[in-house]
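Chemist: Mind looking at a prediction? Sequence and model below.
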Protein chains: 2
Amino acid sequence: MMNIPLLVSSMLERAERYFPKKTVISRTSSGIVTHTYKEVGERTRRLSSALEKIGVKKGERVGTLAWNHHRHLEAYFAIPGIGAVLHTINIRLSPAHIVYIINHAEDKVLLFDEDLLPLLEKVKDQLKSVEAYVLMTDKEELPESSLEPLFHYEKLISEGDPSFEFKKDLGENDPVGMCYTSATTGNPKGVVYSHRGVVLHSMALGLADNAGLSESDIAMPVVPMFHVNAWGLPFASVWFGTTLVMPGPYFTPKILAELIDSEKVTMTAGVPTIWLGLLNELEHGNYDTSSLTRILCGGSAAPKGLIRAFESKYKIPFIHAYGMTETTPLVVLSRLKSYQNDLPEEEKLEIRSKQGSLVPLVEMKIVGANGEVANDGKEMGELLLRGNWIADEYYKDERTNEAFRDGWLYTGDVVTIDEEGVVKIVDRTKDLIKSGGEWISSVDIENALMAHDAVFEAAVIAVQHERWQERPVACVVLKDAAKEHTTKEELYEFLKPQFAKWWLPDDIIFMDEIPKTSVGKFLKRALRDQLKEHLSQVK
Amino acid sequence: MMNIPLLVSSMLERAERYFPKKTVISRTSSGIVTHTYKEVGERTRRLSSALEKIGVKKGERVGTLAWNHHRHLEAYFAIPGIGAVLHTINIRLSPAHIVYIINHAEDKVLLFDEDLLPLLEKVKDQLKSVEAYVLMTDKEELPESSLEPLFHYEKLISEGDPSFEFKKDLGENDPVGMCYTSATTGNPKGVVYSHRGVVLHSMALGLADNAGLSESDIAMPVVPMFHVNAWGLPFASVWFGTTLVMPGPYFTPKILAELIDSEKVTMTAGVPTIWLGLLNELEHGNYDTSSLTRILCGGSAAPKGLIRAFESKYKIPFIHAYGMTETTPLVVLSRLKSYQNDLPEEEKLEIRSKQGSLVPLVEMKIVGANGEVANDGKEMGELLLRGNWIADEYYKDERTNEAFRDGWLYTGDVVTIDEEGVVKIVDRTKDLIKSGGEWISSVDIENALMAHDAVFEAAVIAVQHERWQERPVACVVLKDAAKEHTTKEELYEFLKPQFAKWWLPDDIIFMDEIPKTSVGKFLKRALRDQLKEHLSQVK
């Protein structure tokens, strides 16, 4: 057989040649703009040649600080198209972390959105490797700026070569991109993606039993393109000729609902917080969401009530998935098996609310203190992963040794796996509550609380306890309508039949908001800090 | 990223672990038997260990002469599971060619069905490399035989190790299987498949826009497992946990119709001749085919009338596909693009009756006498292919140099490609009719004839002509009901409005049957030989 390297550029070439009329619909600060894949292809080739002219060489990193839009999509292909590395930077990180990341990756050029200009001007003297800045803007002229040299994206590519040939003398294991992931403590850790990993992962997104991404789809990645390549959707969508809807900067639930309605979006993807917000918007507005054939939800566990609401009220299949920055990210996805279709609705919901089944080409096992643990749906252990889109190191980082051992990624997630391979996340290893020598799952209690009609969000954390070592405390955000009349006691009554007595939280604290990470996950560390004092009073 | 070799054994491991209850339903000479993937996994591991005990080593070839059934499926995984090469032998070839193939591949062991016993006994003294025979039979005891040593499949595996570990120290480019393809003249040519090629090809079969093979499917590969791995369906079905229905030996249209009905088959695959036969059976019998969501048809061009009949009368989507032994085989597959859904029915049928669009990871171009030819749907040229499941040589065969040049496979098929990449086969390079310096497509005239209500099958061949060099002659098999009253003149009247005058055949000859190759394609060479005399009389 021939052995042709799997390269990301071939995915865009396929779109240009076989889906030239299909489109990318992009919400920008000056309105909605539409480009065909033929146009996107030309603009991408122009950008590749322009980056070469600026001096970017094979293997060098080019950073992006940008929202989801067509220019960012062009960068996704133009940077790997010259053999350089697409480094997507999480714009929600602290300035200090952004500086660290850019310096650690040694980004040579930065492409960025206008709202990031003040930040970059402020930190520019700390950036050690950056030789040029490119502003992705709809405006005709560059603003006054202290960045130097600063290029105007549209002017830059207008001078580029629309028939530039993408580099083909690359190995499929060469780096294509990188993304830093926040650590509990210390600086973010860099994950490097390979061409091989991204191409195979994209293939998985097209499988009928997984995301089933198709030419006939109109896909809206809400998950940011600065976060694990927006779960690989931009790559796969281009490859399959899928219409892309890019929600752009500072979107709100209302904007998302409007885009779904007006663009007839068929699939969308994001974290639970996004869907909680959208659900709220749908209850108040008047939107047609009938085009949606599925919502892909990952990043953190989706409450059962959320799944139920979308499926029973809005008839939108809600697919739970699991992955992390280190896993490109899709590794586990929840679909019923064909012989489970006739189960009672609640039982089906129970299965679907688990993280799901392993995607082809990935391997997993779970290990406890004494080695590999049974797949019986009961025994808990840390999830280990292996496969062609699983990282094998953190980029130039000693923390590699903690997470990557014996050829496996140690995910830090505690899970059970049942006899048919369905994964259920019990907790993060660090969030598990160790009470009197036994484990309590914070996630289980959170999910139970979020299934209560009055509860909008709930996070459960461990607090130190003299006798039991740790005890659970629940932080609850009530829905607006329920704030007046909902009591702690009512929630305790609701929890009691569901858990052993010693699993019940020592306290339930009502708050206005639960602090979240830059990608919308509960920031339990912040919660613990925030509550230190309050809790010592409670005790 | 990790770099884990893509190996076929991991596909079966996935079925064992995550789809243990799903089944393989196999029609054997003693009735229908069902095995779960857990059982198939165990039996396969037993076979692997037994083959090792017999002395099969990594890289050595093990031949199979067998129909589609569960034992053949076990061999598909057991042989690559020890790093050996699964050599599927076309049982419909002449004894001389079968002997050539076994000797050329140097098969060390042969696994075979009972109906092949007389053949093997007759040729055994000519087989130079075979050291052991294994009879795949339902009977409890071995028959009397001169083959030596001869093993009983079930007894052999009963002594094997059910928890044998498949070999993992293989490279993904190592050979996994081989299949010989008939040549126009001379001996068959061997194609060697790689683990990488088969795994990536299987992935393609699961893509929503291609075959979309899913866990919820009940797939019946009618295309023989001795022919290009039954188009890869056994591999992909096992991987995705798809239920498999194996039609077994000497099936008839009636048997296929019954299996579709009783097993609720959702997808099936085979050559046009099979579907012509099934269509005939459905018109006479009373079968429920409502479970079928698609028929995959390839091997040779499907007449438009056949597609129309399945789709309009039986509401079964009929997917035209194209490939060859050298291409594993799926490379082109016909699906409408989403924006074509509103076209008039006839226009859609016109698009769908073409071979279709390129599958991801494959590249193509067309070349004429003066190099690459435009993709405008008009210019004809030979189709060239490139990709990870495209062969790069014939096994130890000088004819490699004709077909594999400059990194491309020269398919020998003359095609057009339109602006959106839709491929239409015009003819085989060798079947094109060169009349007065212009080309006439035999396939176009055949398709037009087969669209006539009275016509069951039609083949058009070139005959020598003094003035025009070559002229077309049509060979037509009429449907039984039409035989009495259909005339040559009626068919000429039917063709006239569709073609330029000089494209019309010089003669239309009615026959009872068109000779076919062992895989159901028209054997035009035989037709030319058969008609030599007749034609000289006509002229």
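Modeler: Sure thing, it's come through. None of the values given here were measured: they were computed from a predicted structure. Numbering: from 1, shown residues only, chains lettered A, B, ... in the order given.
Chemist: what number of residues lie near residue A:261?
Modeler: Neighbourhood size, residue A:261 [other CB atoms under 10 Å in any protein chain shown]: 17. To be clear about C-beta, it is placed using only N, CA and C from the backbone, and glycine gets the same treatment.
Chemist: make that residue A:176, sorry
Modeler: Neighbour tally, residue A:176, other CB under 10 Å: 29.
Chemist: Which strands border the strand or helix carrying it, and is each parallel or antiparallel?
Modeler: Taking DSSP states H and E as the criterion, residue A:176 maps to strand A:175-181. Its sheet considered, strand A:175-181 pairs with strand A:85-88 (parallel), strand A:189-194 (antiparallel) by DSSP bridges.
Chemist: Identify the residues contacting it?
Modeler: The contact list for strand A:175-181, computed with CB atoms under 8 Å, 6 or more residues apart in numbering or on different chains, reads A:8, A:59, A:61, A:76, A:79-80, A:85-90, A:97, A:101, A:104-105, A:188-195, A:197-198, A:226-229, A:324-326, A:395.
Chemist: Now stretch A:167-184: average pLDDT?
Modeler: Stretch A:167-184 shows a mean pLDDT of 93.
Chemist: How about stretch A:430-447?
Modeler: Averaged across stretch A:430-447, pLDDT comes to 83.
Chemist: Could you tell me which residues make contact with residue A:426?
Modeler: Counted by CB under 8 Å, 6+ apart, residue A:426 has contacts A:380, A:414, A:415, A:416, A:432, A:439, A:441, A:443, A:444.
Chemist: Go again with 10 Å.
Modeler: A:301, A:380-381, A:383, A:413-416, A:432, A:439-444 (CB atoms under 10 Å, 6 or more residues apart in numbering or on different chains).
Chemist: For burial, what's the neighbour tally of residue A:260?
Modeler: Residue A:260: 26 surrounding residues under other CB under 10 Å.
Chemist: Also residue A:269?
Modeler: Applying other CB under 10 Å, we find 25 residues neighbouring residue A:269.
Chemist: domain parsing for chain A?
Modeler: Taking automatic domain parsing as the reference, chain A has its domains at A:21-251, A:362-428, A:433-535.
Chemist: Give me whichever of the ones you listed is most buried.
Modeler: Counting by mean count of other CB atoms under 10 Å in any protein chain shown, domain A:21-251 has the highest mean neighbour count of those, with a mean of 21.
Chemist: what sits against the closest residue to residue A:350 other than its chain neighbours?
Modeler: Distances taken as CB to CB, 6 or more residues apart in numbering or on different chains put residue A:304 closest to residue A:350, at 7.7 Å, once the chain neighbours are dropped. Counting by CB under 10 Å, 6+ apart, residue A:304 touches A:320, A:346, A:349, A:350, A:352, A:353, A:447, A:448, A:450, A:451.
Chemist: now, which of the residues you listed sits nearest chain B?
Modeler: Nearest to chain B among these is residue A:352, at 14.7 Å by CB to the nearest CB.
Chemist: What distance do you get for the residue nearest to the closest one when sequence neighbours are not counted to chain B?
Modeler: The spatial neighbour of residue A:352 that comes closest, neighbours along the chain excluded (CB to CB, 6+ apart), is residue A:334 at 5.2 Å. In this view, residue A:334 and chain B are 13 Å apart by CB to the nearest CB, to the nearest Å.
Chemist: Distance of residue A:334 relative to residue A:309?
Modeler: In this structure, residue A:334 and residue A:309 are 16 Å apart, going by CB to CB, to the nearest Å.
Chemist: so where do the helices sit in the stretch 301-450 of chain A?
Modeler: Remark: helices assigned in the stretch 301-450 of chain A by DSSP state H, counting those that start in this stretch are A:304-308, A:345-352, A:400-403, A:442-450.
Chemist: I'd like those as TSV, with distance to residue B:372 appended.
Modeler: Listed next are those as TSV, based on distance: least, CB to CB, whole Å:
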stretch	distance to residue B:372
helix A:304-308	52
helix A:345-352	50
helix A:400-403	47
helix A:442-450	58
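Chemist: right, so of those, which gets closest to residue A:113?
Modeler: Taking CB to CB, helix A:304-308 is the member of the helices of the stretch 301-450 of chain A nearest to residue A:113, at 30.1 Å.
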